[in-house]
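Sharing a model that was predicted from the sequence below.
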Amino acid sequence: IEELKNSDLRLALKIALNALDLSKEVNYPQAESILLQQIGIIYANINETAKSIEYTLAAIPLLELYNLDYYLCIAYSILGCMFASYSYYETAFDYFNKSTYIAKKFQFTDRLSISYNNIGEIYKLLSNYDKALYYYQKSFEEDQKTGFKSCMGSYYVNTAEVYYLLGDYVKAQEFARIAYERVRDFNFETALCEVYKIYALVYWKLDNHEKAGEYFFKAIEV
């Protein structure tokens, strides 16, 4: 599931649901709690927000019961992302802060990097681009400690998008180029789609409609 959830979401979901049934059959609640949380991530990535919230909320009591703090940190992060997609930004901030608190307490550097990245995303949605860039930088600094494995280059994608929104197309392309290299290294196809979209939008703004069309179609293929 871990290997597939960034590249073949449908297959990852099928395996996760089967594993969830097996964990219930053998009465293995610790595995059940982690699988519920994993299914929550997969539903989030295929934009089934309501199902993502449903499975993640179901995971939280079990994760708390068995002191699975690392996975609890992930669960709060997922809920933050899902409520942000509904524009419930205060609720999203609340969940991201819970995730950040656990990550700091137990020194989960990779999760702290992701929390900062997610907080940056909220500020981007609120058009507070200075704060967004500040949190992306904090995310980068934490990710550096993990050998750049936690965010899989997503803060480069997000930074590129902020510079596009600011009208700085040179920097947008610069960060999109780095983002492309990073997300390809990690086979992170969801983020690759975003990189192609940013390239397409930048070329569109630069009146290079042929290039814009090329990258829009690449995004659609992904």
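On my side now, so go ahead.

Where does the closest residue to residue 5 other than its chain neighbours sit, in terms of helix or strand?
Leaving aside its chain neighbours, residue 5 sits nearest to residue 12 (4.4 Å; criterion: Cβ to Cβ, 6 or more residues apart in numbering). All C-beta spots, glycine's among them, are computed from the backbone N, C-alpha and C. With elements taken from DSSP states H and E, the one containing residue 12 is helix 9-25.

Show me where this protein dips below the pLDDT cut-off.
The chain contains residues with pLDDT under 70 at 6, 148.

make it 90
Along the chain, the parts satisfying pLDDT under 90 run over 1-9, 45-47, 110, 140, 143-155, 182-191, 222.

Now do the contacts for the closest residue to residue 37 other than its chain neighbours.
In this structure, residue 37 finds its nearest non-sequential neighbour in residue 59, 4.2 Å apart by Cβ to Cβ, 6+ apart. Residue 59 makes contact with 33, 34, 36, 37, 40, 71, 75, according to Cβ atoms under 8 Å, 6 or more residues apart in numbering.

List the buried residues of whatever helix or strand residue 214 lives in.
Element membership for residue 214, per DSSP H and E: helix 209-221. Residues of helix 209-221 classed as buried by neighbour count (16 or more other Cβ atoms under 10 Å): 212, 215, 216, 218, 219.

Could you give the number of residues near the nearest residue to the fourth one once chain neighbours are set aside?
It refers to residue 218. Nearest residue to residue 218, sequence neighbours excluded (Cβ to Cβ, 6+ apart): residue 196, at 4.4 Å. Residue 196 is flanked by 21 other residues according to other Cβ atoms under 10 Å.

Please apply the same query to the one 4 residues further on.
Taking other Cβ under 10 Å as the neighbour definition, residue 200 ends up with a count of 21.

about what we covered before: just the angle between the helix or strand containing the residue nearest to residue 37 and helix 9-25, please?
Using DSSP H and E, residue 59 maps to helix 49-65. Put simply, helix 49-65 runs at 40 degrees to helix 9-25, going by axes from the mean of the first three to the mean of the last three Cα atoms, to 10 degrees.

helix or strand right after helix 49-65?
That would be, after helix 49-65 and using DSSP H and E, helix 69-85.

quick one: contacts of that next one?
Applying Cβ under 8 Å, 6+ apart, the contact partners of helix 69-85 are 33-34, 37, 40-41, 44, 49, 52-53, 56-57, 59-60, 63-64, 89, 91-96, 98-99, 102-103, 105-106, 108, 111, 114-115, 118, 121-122, 125.

and if you look at stretch 143-163?
6, 109-111, 113-114, 117, 120-121, 124, 129, 132-133, 136, 139-140, 142, 169, 171-176, 178-179, 181-183, 185-186, 188, 191, 194-195, 198.
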